[in-house]
Structures are given as structure tokens and as C-alpha cells.
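>>> Build me a model from this:
(one chain, ligands or ions: 2)
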Amino acid sequence: MTTRQLRIAPSILSADFAHLADQCQAVIDAGADWLHVDVMDGHYVPNITIGLPVVEALRQALPDAFLDVHLMIDNPDDFVGPFARAGADLVSFHPETSRHPHRAIHTIKALGKKAGLAINPGTPLNWLDHLAHDLDLALIMSVNPGFGGQAFIPHTVDKIRQLTARLEALGADLDIEVDGGVSPSNAEQLRRAGANVLVAGSAVFGAPNYKQAIDAIRQQASLAG
Ligand SMILES: O=C(CO)[C@@H](O)[C@H](O)COP(=O)(O)O
Ligand SMILES: [Co+2]
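Numbers count the residues shown, from 1 in each chain. Ligands and ions are numbered 1, 2, ... in the order given. Modelled structure (predicted):
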């Protein structure tokens, strides 16, 4: 378990894009802590979603919302700065497509924003070893990136447990975010393993009542202690 604050971050990928700002406001009113914004470029992942103008528009429409921007793109080194300037509060990127992850992290931080590194199901945790002290967050993918609504990959729980131990050994105190297939049914084991930021797209936006959906995830996660 972690003592880091539990945060529920609905992924807006599952929102109704024709009413995006209203949908974001609705999940905030329902108790969401962060808004998770999935940016996909059709190269790094086989899907295209949203880009800088949408982040700028959300920043304008929701000045107090915490925008957790997850870049699933090639050349993140060229885009971390623009997304931070567009209004992201936290920018995460996947290290395999970065030429200079350490530099990209410090580009984000120099703009006063938090930096995260995203680790795919097939990506080893050791990408984090030399960057942990520079980061604010480790984003552990519990599905392969590209789409909402995929099934949770169970071995992620063990990976988070290993990461928790590894970060403790390194003396690095990071938020651990888990992303993909998160629901009330796995929230407790994820929190117990050490995750404190739970991203949930379809489990929130696909539910008839956003508050009940967010409360259910929070209540289950809180059972971890
Ligand atoms: O980054 C991604 C997918 O690539 C995620 O943020 C998903 O969009 C989460 O959606 P659900 O799996 O919770 O429906
Ligand atoms: Co995501």
C-alpha cells in the first residue's frame, strides 16, 4: 500500500466529444480528482484522438481542473513543451520513442509542470531506474496503449508491486498511476500493490451515473487501507 493520496482520473477518451467540456465538468462535479487526456497520433499507436487545440480549449473552459496529459505519440521530445504550455498540469510520455527522456522530463519541469514516464505492458521497469529521481509519476499501462475499453492485463498488479519495492529501494517517492481496464473490481488490489492514481475511462463515462461510478472505485480502493 502507499500513503500517497488516492486520485481518480477519468479518461476523457470515453467521453462524448460533442459535449466534451460539459462531460469534463460533470465528472469533476461527480468527484473526479484529475482529468486524464489521451493524446494519440496514429503512429505510435493505431488510433488518432486529440491534440493541442483540445488541451488549450479544456484549459480555457476548466481553469481549475488538473489536466493529466498522456502522450502516446512518436517524437515526444518535440511535443512535451507545447503540451505543457497548452495547459497540461502533468505530461507523461513513453520513453521508447524519446531520444532524450531525461531532457524531455526537464523540459516539462522547467515549464513548472509535473512529468511522468509511461510503461507499457511489455516495457521493463528498468527504464525508470535512472530517471526516477527526476520524475513526479510513473504511469503503468494495464492495457496496450491505443484504445479505451480494453480488458485489464492481470500481471500488472505484480508489476506495480515490483515497482513499489523498486522505488522504495531507490528512495524515490513517486505517484504511481495505473491506466487501462480499471474498475471497482480491481481497484482494491491495485491500491494495495501501490498505485495511487487510478485512471478509468469506460468504467466512468460508460456508467449511467458518474458519481456512483467514481464512488464505487474510490470505496473499493479505500478497502486497501
Ligand atoms: O491510455 C489509454 C489507452 O491507451 C487509457 O487512458 C484508456 O483510455 C483508459 O480507458 P479504459 O480502459 O479505462 O476504458
Ligand atoms: Co491513458
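
>>> CA only for contacts and neighbour counts going forward, please
Fine.

>>> Assign residue 149 to helix, strand or coil.
Secondary structure, DSSP: H, G, I helix; E, B strand; the rest coil: residue 149 is coil.

>>> Next, give phi and psi for it.
phi 80, psi 20 (degrees, to the nearest 10).

>>> How about the contacts made by it?
With contacts defined as C-alpha atoms under 8 Å, 6 or more residues apart in numbering, residue 149 is in contact with 180-181, 201-202.

>>> near ligand 1, which of those residues show up?
With C-alpha under 6 Å from any ligand atom as the criterion, these include 180-181, 201-202 near ligand 1.

>>> So which of those residues sit within strands?
Of these, none are assigned to strands by DSSP state E.

>>> Just send those back as CSV, with pLDDT too.
Shown next, in CSV, are those (pLDDT from 0 to 100):
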residue, pLDDT
180, 98
181, 98
201, 98
202, 98
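
>>> would JSON lines of the contacts of residue 149 with neighbour count be doable?
Formatted as JSON lines, the contacts of residue 149 follow (neighbours: other C-alpha atoms under 10 Å):
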{"residue": "180", "neighbour count": "25"}
{"residue": "181", "neighbour count": "23"}
{"residue": "201", "neighbour count": "25"}
{"residue": "202", "neighbour count": "21"}
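
>>> and which of those is nearest residue 66?
Ranked by distance to residue 66 (C-alpha to C-alpha), the contacts of residue 149 are led by residue 201 at 16.0 Å.

>>> Beta-bridge partners for the residue nearest to the closest one when sequence neighbours are not counted, please?
Residue nearest to residue 201 in three dimensions, not counting chain neighbours: residue 11, with 4.2 Å by C-alpha to C-alpha, 6 or more residues apart in numbering. Beta bridges link residue 11 to residue 36, judged by DSSP bridges.
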